[in-house]
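Enquirer: predicted model, plus sequence, below.
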Amino acid sequence: MDSSCLSRLLVLSFFVSQTWLTTAAVTMARYTPSPWKLAHATFYGDESASDTMGGACGYGNLFNTGYGTSTAALSTTLFNNGYGCGTCFQIRCVQSKWCFNGSPITTVTATNLCPPNWSEDSNNGGWCNPPGTHFDMSKPAFMQIAQWKAGIVPVMYRRVPCIRKGGLKFTFQGNGYWLLVYVMNVGGAGDIASMSVKGTKTGWISMSHNWGASYQAFSNLAGQELSFRVTSYTNQQTTYAWNVAPSNWQMGLTYQSSVNFL
């Protein structure tokens, strides 16, 4: 075998081994369900879930952004200053006459904050007071596990992977010198720890956490294609969404990448 053939084989072998290692690393990073824990759940709004639109995570109209009515507001502890936004939970009613037979499971996405009510006892009205764990579910989601007349029921819950169709979505707000980005449709653990943005004329610019699922960069990025580096809060997995937004991107629009978390 001549030296040129040997060199090509070595390059191919290196490429295959690196590809395998990359695939193995992604597989190892796949988010898995947590153990079941005890909490309580209530609901807010009516069957239309119109009162759940918007919310502290900044997802806006939940039908338009793909979350629908299978949502919940988290107590302060679970909300975690907005880092709980986008996380997914399986919830089942337990130990109550109001539970449906068989203790069916429903899956919800965290889209809002259930704020503390310090005027009420944490065990009698102040359900979302720290350090309690509580879910204030949309009424359609609550009605999947218990009779709505119950008002409040004990539940078992666990974190589960968020199953999303398509890639990460980035909704732009702000102005020419302040880019505010809401990250949606996050798979895997569902949460975001940090983000960076890169224009075609810049290096990576670290974005600060604004609130909920939004991150901001104070920089003039107009006229540049934008890429994002996104890191999960729970398992620290990082993914790169290259050239998501075209050079003529605009505020108020949503741009979708081809990548997501597992």
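Expert: Sure, I can see it.

Enquirer: how is this protein divided into domains?
Expert: Here the domain parsing of the chain from the TED database is 37-159, 169-256.

Enquirer: could I get the ones you listed as CSV with distance to Arg30?
Expert: C-beta: built from backbone N, CA, C; applies to glycine. CSV is the format used below for the domains of the chain (distance: least, Cβ to Cβ, whole Å):
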stretch, distance to Arg30
domain 37-159, 14
domain 169-256, 7
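
Enquirer: for those domains, give me CSV that also has mean neighbour count.
Expert: As requested, those are exported to CSV (neighbours: other Cβ atoms under 10 Å):
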stretch, mean neighbour count
domain 37-159, 19
domain 169-256, 18
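
Enquirer: nearest to Tyr31, out of these?
Expert: With distances scored as Cβ to Cβ, the stretch of those nearest to Tyr31 is domain 169-256 (4.4 Å).

Enquirer: what mean pLDDT does the closest one get?
Expert: Confidence for domain 169-256, expressed as mean pLDDT, is 96.

Enquirer: measure it end to end?
Expert: Start-to-end span of domain 169-256 (Cα to Cα, to the nearest Å) is 4 Å.

Enquirer: cool, and stretch 165-176?
Expert: Taking Cα to Cα as the measure, stretch 165-176 stretches 31 Å from start to finish.

Enquirer: can you list the residues that contact it?
Expert: Stretch 165-176 has contacts (Cβ atoms under 8 Å, 6 or more residues apart in numbering) with 60, 65-66, 179-186, 214, 216, 220, 222, 228, 230, 239, 241, 244-245, 249-260.

Enquirer: now find how far off-centre that stretch is within its chain.
Expert: Its chain's C-alpha centre and that of stretch 165-176 lie 13 Å apart, by Cα atoms, centre = their mean, to the nearest Å.

Enquirer: same deal with stretch 131-150?
Expert: 20 Å.

Enquirer: what does stretch 54-68 give?
Expert: Stretch 54-68 sits 11 Å away from the centroid of its parent chain (Cα atoms, centre = their mean).

Enquirer: same deal with stretch 243-258?
Expert: How far stretch 243-258 lies from its chain's middle: 19 Å, per Cα atoms, centre = their mean.

Enquirer: which other residues reach that stretch?
Expert: The contact list for stretch 243-258, computed with Cβ under 8 Å, 6+ apart, reads 166-175, 184-185, 200, 223-228, 241-242.

Enquirer: now, which of the residues you listed lie within strands?
Expert: Those of the contacts of stretch 243-258 mapping onto strands are 169-175, 184, 226-228, 241-242, per DSSP state E.

Enquirer: now, which of these sits nearest Thr87?
Expert: Of all the ones in strands among the contacts of stretch 243-258, Thr87 sits closest to Met184, with 13.0 Å by Cβ to Cβ.

Enquirer: what sits against that closest one?
Expert: Tyr59, Thr65, Gly66, Gly86, Leu168, Lys169, Phe170, Thr171, Ala213, Thr254.

Enquirer: how much space is there between the residue lying closest to it once chain neighbours are set aside and Val259?
Expert: Sequence neighbours aside, Lys169 is the residue nearest to Met184 in space, at 4.4 Å (criterion: Cβ to Cβ, 6 or more residues apart in numbering). Separation of Lys169 from Val259 (Cβ to Cβ, to the nearest Å): 11 Å.

Enquirer: dump the helix or strand Thr42 falls within to PDB, restricted to CA.
Expert: Element membership of Thr42, judged by DSSP states H and E, is strand 37-44. Extracted in PDB, the C-alpha atoms of strand 37-44 (Å, rounded to 0.1, in the frame of the first residue of the first chain):
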ATOM      1  CA  LYS A  37     -42.100  12.900  44.200                       C
ATOM      2  CA  LEU A  38     -45.100  14.100  46.200                       C
ATOM      3  CA  ALA A  39     -46.700  17.600  45.700                       C
ATOM      4  CA  HIS A  40     -50.200  19.200  45.300                       C
ATOM      5  CA  ALA A  41     -52.000  20.600  42.300                       C
ATOM      6  CA  THR A  42     -54.700  23.200  41.700                       C
ATOM      7  CA  PHE A  43     -55.900  24.800  38.500                       C
ATOM      8  CA  TYR A  44     -56.600  28.300  37.100                       C
END
